[in-house]
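Give me a 3D structure for the following:
(one chain, ligands or ions: 1)
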Amino acid sequence: MKIIIRTDLCNGCEKCVNTCFEVFHLWGMYLRSSFDVPDDTPFRVKIEKAALACPQKAIQVVPPFS
Ligand code: SF4
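Residues are numbered from 1 along each chain as shown. Predicted structure coming up:
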């Protein structure tokens with residue numbers, strides 16, 4: 001799956017990092033606007049929670065095509 005972050009909307013609150021550190025700390029380190037996560041990631045639920053927790057609605061999770 002792919003995670004897309006609208007860096008123009010992000011306010012740097014780090015709720016995503018605090019909700020799913022395992023995945024979003026990498027984004028916080030490199031401030032990439034998109035990055036890939038293995039489709040079988042064990043953090044899928046936490047990733048979705050992080051997207052919902054974003055106050056700026058800046059996180060889009062693109063599921064794998066099947
Ligand atoms: S939760 Fe949203 S606004 Fe906050 S740092 Fe993450 S992407 Fe940016």
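
Tell me the first helix or strand C-terminal of the helix or strand bottoming out on mean pLDDT in the chain.
Within the chain, confidence by mean pLDDT, DSSP states H and E is lowest for helix 21-30 among all helices and strands, at a mean of 80. Counting by DSSP states H and E, the next helix or strand C-terminal to helix 21-30 is strand 34-36.

Would that next one count as contacting the ligand?
No - legend: contact between strand 34-36 and the ligand by Cβ under 6 Å from any ligand atom is lacking; minimum distance shown is 12.1 Å. Where you see a C-beta, it was placed from the backbone N, CA and C, and this is true even at glycine.

where does the helix or strand just after that strand sit relative to the chain's centre, distance-wise?
Helices and strands here follow DSSP H and E; after strand 34-36, the next one along the chain is helix 44-53. Chain-centre distance of helix 44-53: 7 Å, with Cα atoms, centre = their mean, to the nearest Å.
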